[in-house]
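Participant: Please work out how this folds:
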Amino acid sequence: MIIRPQQRSPRAVPDPRIAPPRLVDLLAPHLTPRRLKRMRRIVAQRLASITVLIERPYDPHNAAAVLRSAEALGLSHVHIVPHERRFDFSSQVTQRADKWLDVYLHDDVEQAATFLRAAGFRLAGALAPPKDARERDAPPAALPVDAPLAIVLGNEHEGLTPRARALCDAHFSLPMFGFSESYNLSVSAALVLSDVTTRRRARLGRRGDLPARARTRLEAAYLVRAVSFAERLVLRELGLDAR
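Facilitator: Model (predicted):
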């Protein structure tokens, strides 16, 4: 789901007059028990306190691959500062992961940083490994996960802009031991997110961190996307069915 930062509510439902618990009651019977059980397990595992911000990605396919990794690791939202004002990505690359994520699009990195800080996030920016092997930047494992953390990744050609670097609270680099000078964007994201989400869950002592009300709202949103005729059922519930 694409969201602009002005949209403060992360999970819109078809009609605000229907409370999420009622929407769940309305739509849940239209999924098989097995599918509903899986959906609820995934909702319970969603992690809102780790996210990723991608600054000006050149190739939408690379950004789409990051979304796929983020969703697979249980993130609930990601943030992108598009290279161009319009941002498109292929569902073939995301494997429909974008259907289950909130994708926030920001006009610039300052707006993104302000938005994330207002939500309590610290920003950690990825840097290229030092040219001198005697120098070392902190690895992802050194990033603290005792508070919400946003991983900030630059684009494929230039990395983070100087402004993005300055806005970050911490920096890190992924260790490399071969001839290649860098990982691609999606691999970098998968490596660091796998590390920080694993450690964050261990610190929390559970797989997800959404409170009960947020889980219900998220389940309602997922049901709207999963039930193909959800809109018709909602209209009927509101007494607006055209039939």
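
Participant: drop to CA atoms for contacts and neighbour counts, all remaining ones
Facilitator: OK.

Participant: Strands of this structure, residue ranges please.
Facilitator: Under the criterion DSSP state E, the chain contains strands at 2-3, 50-55, 77-81, 102-105, 122-126, 149-153, 170-172.

Participant: ok, of the ones you listed, where does mean pLDDT dip lowest?
Facilitator: The weakest mean pLDDT among the strands of the chain belongs to strand 2-3, with a mean of 69.

Participant: that older thread, kindly reformat the strands of the chain as CSV containing distance to Arg199 and mean neighbour count.
Facilitator: Shown next, in CSV, are these (distance: least, C-alpha to C-alpha, whole Å; neighbours: other C-alpha atoms under 10 Å):
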stretch, distance to Arg199, mean neighbour count
strand 2-3, 28, 17
strand 50-55, 11, 25
strand 77-81, 18, 24
strand 102-105, 23, 21
strand 122-126, 15, 23
strand 149-153, 12, 26
strand 170-172, 16, 19
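
Participant: Chain neighbours aside, what residue packs nearest to Gly74?
Facilitator: Arg46 (4.9 Å; C-alpha to C-alpha, 6 or more residues apart in numbering).

Participant: Can I get the strands of the chain in a markdown table including distance to Leu233?
Facilitator: As requested, the strands of the chain are exported to a markdown table (distance: least, C-alpha to C-alpha, whole Å):
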| stretch | distance to Leu233 |
| --- | --- |
| strand 2-3 | 24 |
| strand 50-55 | 33 |
| strand 77-81 | 27 |
| strand 102-105 | 24 |
| strand 122-126 | 41 |
| strand 149-153 | 38 |
| strand 170-172 | 48 |
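
Participant: Look up the residues forming beta bridges with the nearest residue to Asp107 once chain neighbours are set aside.
Facilitator: Once flanking residues are discounted, Asp107 sits nearest to Val81: 6.1 Å by C-alpha to C-alpha, 6+ apart. Following DSSP bridges, Val81 is listed with bridge partners Glu55.

Participant: Please tell me how far Val81 sits from Val52.
Facilitator: 11 Å (C-alpha to C-alpha, to the nearest Å).

Participant: likewise Val66?
Facilitator: Taking C-alpha to C-alpha, one finds Val66 at 9 Å from Val52.

Participant: Now do the shared contacts for the two.
Facilitator: Common contact partners of Val66 and Val52 (C-alpha atoms under 8 Å, 6 or more residues apart in numbering): Ala189.

Participant: any residues in contact with both of Val81 and Val52?
Facilitator: By C-alpha under 8 Å, 6+ apart, no residue touches both Val81 and Val52.

Participant: quick one: low-confidence ranges for the chain?
Facilitator: For the chain, applying pLDDT under 70 flags the ranges 1-2, 4-15, 84-95, 131-136, 241-243.

Participant: Longest helix in it, by number of residues?
Facilitator: Using DSSP state H to define each element, the chain has its longest helix at helix 185-204.

Participant: just the angle between that one and strand 122-126, please?
Facilitator: 140 degrees (axes from the mean of the first three to the mean of the last three C-alpha atoms, to 10 degrees).

Participant: contacting residues around helix 185-204?
Facilitator: In contact with helix 185-204 (C-alpha under 8 Å, 6+ apart) are residues 47, 50, 52, 62-63, 65-66, 69-70, 73, 140-141, 143, 145-146, 151, 153, 155-156, 174, 207-208.

Participant: Can you report how many residues neighbour the residue nearest to Arg40 when sequence neighbours are not counted?
Facilitator: With sequence-adjacent residues excluded and distances taken as C-alpha to C-alpha, 6+ apart, Arg40 is closest to Glu219, at 7.0 Å. Neighbourhood size, Glu219 [other C-alpha atoms under 10 Å]: 24.
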